[in-house]
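Peer 1: Next one to model:
(one chain, ligands or ions: 1)
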Amino acid sequence: MPTQLDTLRGPLDAIGQGHVLAHWAQLTATQQARLVDDLQALDLAWVAELAEQVRAPKPPQAAGAAPKPPPTVAITPALVAAGEALLRAGQVAAFVVAGGQGTRLGHPGPKGTFPATPVTGKPLFQVFAEQIAAVGQRYGVTVPWYVMTSPQNDAETRVFFRAHGYFGLPQADVVFFPQGTLPTFGPDGRLLLAGPDRLATNPDGHGGSLTALVRSGALADMRARGVTQIAYFQVDNPLAQPLDPGFLGAHAAAAASSGEMTSKAVRKVAPDERVGVFAQIDGRTQVVEYSDLSPAQAAARRPDGRLVLDAGNVAVHALSVAFVEHLTAGGRADLPLHRAHKRQPVYDPSVGAVAEAAVVKFEQFVFDALPRCAASAVIEVARADEFAPIKNAEGADSPATSRQLQSERAAAWLAAAGVAVPRDAGGALLCTLEIAAATALDAAALAGQPLPDHIPPGATLAL
Ligand code: UD1
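Peer 2: Here you go, the predicted model:
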């Protein structure tokens, strides 16, 4: 009878990956079983393809036409009404990609547990939960929330939600699932080990969220609930407004949109700002990453001084369930793989120890689905209302800049409602403010609320 080892060794040898079993005899039975689990989970034909890509020279940047500004849609009352109809019919789900850890922020644990708001320090997950609850209340529905975690933070994320009573959302309407991983390779295309009994793997990127939606059964769950549209956002932006009716209506009903995938953009402030930009290349909407724009393309201006490519990607997209089904018809998201060369600790069975080595990782980006749409529109939204990302511990896009931007948005909303907000002669805000989604989802919702006439300088106020 062939042993488990025999049935694995042949196929692995056939694709030039037999080395992962070279130390088999030195493993305990438990370790052997553990390694077999990892190896059996591999799609070997795909591993062979990936290994081939590792060895191939990096493809030159596709020489398409010069990038032009993408098609944009102005929000009209009719589009807002179309979005509201979708929300009222319970056809919209919220979907956050939260596979990241707070390591770069010096925060132990999932990034969504990071205390983000300026006055009460609410964690990012709570900010979104409150927004989802408030939208549900406004439209008389429950908006289901899909939370993509990673194998690394899945358990901790679930414990966090449970410990906080799902922030008031019905437990059955918060659905967790981990994103997938891809094998990590050496520069020679050989699979690497993370330890004697496990393969080295890396998260498959936010593009992997589409595969994870299918494999976890979340997409089928959406269908069963009657959901037709997915409001996608990243966990790192507490001002994200994925459930905005104008945006959803433009996605589903605007002439410039095929209803497959639509994006929000904010005006990029400087040529070197580290956001991707939406552009139209060869008639297709796509995101060009900041690292892929030439300095001349990034700095090119229009006659009125505006940057030509200034539609900054805030990573808020609307996707139809049908479009995700189409992209994943082969069992995984049919999107390009981006290759990154890094160094990280890997296990070397010949010396029986972990040491730093050169590795090659693959990941997918969700915005690579944009050029697959027949027509994908971009909606420009007010930067001050919708973008305050938390990425770095200090400097740009840090907790401090995000808190300031959140406070400024609250100040602008209060001022619009007639409240005197203290500022110094230079216009700097002299108080710290926070408005919960339950109080107001937008500036207009503050009208008619009990508000102070003025806020004293130095005040800290959470509404
Ligand atoms: C990203 C976008 C950029 C955009 C900016 C807006 C990319 C390559 N670029 O940049 O175009 O302007 O956000 O803030 O995405 N994530 C997972 N699993 C993964 C990888 C990422 O869940 O495997 C999630 C993270 O939790 C995070 C988000 O995706 O919330 C963004 O990923 P990150 O790598 O931080 O992208 P940025 O370089 O910030």
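
Peer 1: Looks to me like Ala315 is in a helix.
Peer 2: No - per DSSP: H, G, I helix; E, B strand; the rest coil, Ala315 lies outside any helix segment and is strand.

Peer 1: wait, it sits on Val235?
Peer 2: No - if you go by Cβ atoms under 8 Å, Ala315 and Val235 don't touch, sitting 9.9 Å apart. Placement of C-beta: from N, CA and C, glycine included.

Peer 1: Which one of these two is surrounded by more residues?
Peer 2: Taking neighbours as other Cβ atoms under 10 Å, Ala315 and Val235 compare with Val235 leading, 28 against 25.

Peer 1: so what's that one scoring on pLDDT?
Peer 2: Per-residue confidence (pLDDT) for Val235: 98.

Peer 1: can you tell me how far the closest residue to it other than its chain neighbours sits from Val275?
Peer 2: Excluding its sequence neighbours, the residue lying closest to Val235 (Cβ to Cβ, 6 or more residues apart in numbering) is Ala98, at 3.9 Å. Computed as Cβ to Cβ, to the nearest Å, the Ala98 to Val275 distance reads 20 Å.

Peer 1: These two - which one has more neighbours?
Peer 2: The neighbour count for Ala98 versus Val275, taken as other Cβ under 10 Å, is higher for Ala98 (28 against 20).

Peer 1: ok, now which ones touch the more buried one?
Peer 2: By Cβ atoms under 8 Å, 6 or more residues apart in numbering, the contact list for Ala98 reads 110-112, 125, 147-149, 153, 157, 235.

Peer 1: Let me know the closest of the residues you listed to the ligand.
Peer 2: Nearest to the ligand among the contacts of Ala98, counting by Cβ to the nearest ligand atom, is Val235 at 4.4 Å.

Peer 1: Val97 is in contact with that closest one, correct?
Peer 2: Yes - the pair Val235 / Val97 is scored as a contact, 6.6 Å apart, by Cβ under 8 Å.

Peer 1: picking up where we left off before, please narrow the contacts of Ala98 to those residing in strands.
Peer 2: Among those, the ones falling in strands (DSSP state E) are 147-149.

Peer 1: The ligand versus the residue nearest the centre of the chain, what's the distance?
Peer 2: With distances taken as Cα atoms, centre = their mean, Gln234 lies nearest the centre of the chain, 3.6 Å away. Note on Gln234: its distance to the ligand, by Cβ to the nearest ligand atom, to the nearest Å, is 4 Å.

Peer 1: Then Leu21?
Peer 2: Distance from Leu21 to the ligand, counting by Cβ to the nearest ligand atom: 28 Å.

Peer 1: ok so, going back, not counting its neighbours along the chain, what's nearest the residue nearest to the centre of the chain?
Peer 2: Closest residue to Gln234 apart from its sequence neighbours, by Cβ to Cβ, 6+ apart: Ala315 at 4.4 Å.

Peer 1: wait, what's in contact with that neighbour?
Peer 2: For Ala315, the contact set (Cβ under 8 Å, 6+ apart) comprises 206, 232-234, 237, 366-367.

Peer 1: Would stretch 338-353 count as contacting the ligand?
Peer 2: No - under the criterion of Cβ under 6 Å from any ligand atom, stretch 338-353 makes no contact with the ligand; the nearest approach is 8.0 Å.

Peer 1: quick one on the thing from earlier: could you list which of the contacts of Ala98 belong to helices?
Peer 2: Judged by DSSP state H, these include 125, 157 as members of helices.

Peer 1: who's the residue of the stretch 301-450 of the chain at minimum distance from the ligand bridged to?
Peer 2: Closest residue of the stretch 301-450 of the chain to the ligand, Cβ to the nearest ligand atom: Asn313 (3.8 Å). Taking DSSP bridges as the rule, Asn313 bridges to Ala265.

Peer 1: Verify the contact between it and Ala265 for me.
Peer 2: Yes - contact criterion Cβ under 8 Å: Asn313 and Ala265 qualify, at 6.5 Å.
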